[in-house]
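K.L.:
dropping a prediction and its sequence here:
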Amino acid sequence: QKEVEQDPGPLSVPEGAIVSLNCTYSNSAFQYFMWYRQYSRKGPELLMYTYSSGNKEDGRFTAQVDKSSKYISLFIRDSQPSDSATYLCAMSPMGGAGSYQLTFGKGTKLSVIP
Amino acid sequence: EADIYQTPRYLVIGTGKKITLECSQTMGHDKMYWYQQDPGMELHLIHYSYGVNSTEKGDLSSESTVSRIRTEHFPLTLESARPSHTSQYLCASSEFGREGTQYFGPGTRLLVL
């Protein structure tokens, strides 16, 4: 079993839809959770960064962490064609050796159709 | 937009050639990273550096080597390229203590024939 599981999609939605992207993980040492967005032919860029369980909102984006279920989500409201990209979840343990290292999911490719 | 640059963006080269992938950042970040990314697969860390004269191997075994002589520069070298090295190579940097916030370059797509 991989440490981080993410459905690669592809996921296609109409403009304006609410998108839900998810990752599950098996390593209970993971304490920091990130979502990166990667456009085609570009490097990933950080979208959301969370530490504790619960929700964090930034504009149209909401990151949700449920440590008890080892499950994280990214919600995109009012999705736009410019949101079309691959979304990568990433996570790392807190402090100590290995805290430098992010473990990534495979990424979910999202297309928002006008 | 992150100030981290990679050259070349694309490289097609024959087996056995020596190649160096360049990575530079102007943010003064101490930590730098090299990742390998294949289509539909996770990013895997192959090398990282805490600062000048510090280099470590990541979780994915790689035949490449890196050096960190200057804070802003973190080149990756393959002494003898093979078709199995065909991949996308991504360079990233972060501030020390903020490893979750990594800034990525645009990547180098390498094809070894």
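P.N.:
Sure, I can see it. The shown structure was predicted, so the numbers you read here are calculated from the model rather than taken from an experiment. Numbers count the residues shown, from 1 in each chain, chains lettered A, B, ... in the order given.

K.L.:
how about the strands in chain A?
P.N.:
A:4-6, A:11-14, A:19-25, A:30-38, A:45-50, A:54-58, A:61-66, A:71-76, A:85-93, A:103-104, A:108-113 (DSSP state E).

K.L.:
what of chain B?
P.N.:
B:4-7, B:10-13, B:19-25, B:31-37, B:44-49, B:56-57, B:65-66, B:76-78, B:87-94, B:103-104, B:108-112.

K.L.:
leaving out the residues flanking it, which one is nearest to residue 76?
P.N.:
Just so you know, I chose chain A. A:V19 (4.1 Å; Cβ to Cβ, 6 or more residues apart in numbering or on different chains). Every C-beta, even on glycine, is put in place using the N, C-alpha and C of the backbone.

K.L.:
correction: the question concerned chain B.
P.N.:
Closest to B:L76 by Cβ to Cβ, 6+ apart is B:L21, at 4.5 Å.

K.L.:
so who does that neighbour touch?
P.N.:
Contacts for B:L21 (Cβ atoms under 8 Å, 6 or more residues apart in numbering or on different chains) come out as B:6-8, B:11, B:75-77, B:89, B:91, B:108, B:110.

K.L.:
apply 7 Å and report the result again.
P.N.:
Shown in contact with B:L21 (Cβ atoms under 7 Å, 6 or more residues apart in numbering or on different chains): B:6, B:75-76, B:89, B:108.

K.L.:
dihedrals phi and psi, the single nearest residue of chain A relative to chain B?
P.N.:
Here chain A gets closest to chain B at one residue, A:G43, 3.1 Å apart by Cβ to the nearest Cβ. Dihedral angles of A:G43 (phi, psi; degrees, to the nearest 10) stand at phi -80, psi 160.

K.L.:
touching, it and B:T108? I think so.
P.N.:
No: look at A:G43 against B:T108 with Cβ atoms under 7 Å: they stay out of range, at 10.3 Å.

K.L.:
send the alpha carbons of stretch B:21-29 over as CSV?
P.N.:
Only the C-alpha atoms of stretch B:21-29 are listed here, as CSV (Å, rounded to 0.1, in the frame of the first residue of the first chain):
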residue,chain,number,x,y,z
LEU,B,21,20.7,20.2,-15.6
GLU,B,22,20.9,23.7,-14.2
CYS,B,23,18.8,25.2,-11.4
SER,B,24,19.1,28.6,-9.9
GLN,B,25,17.0,30.6,-7.4
THR,B,26,17.2,34.2,-6.4
MET,B,27,15.1,34.0,-3.2
GLY,B,28,18.1,33.2,-0.9
HIS,B,29,16.6,29.9,0.1
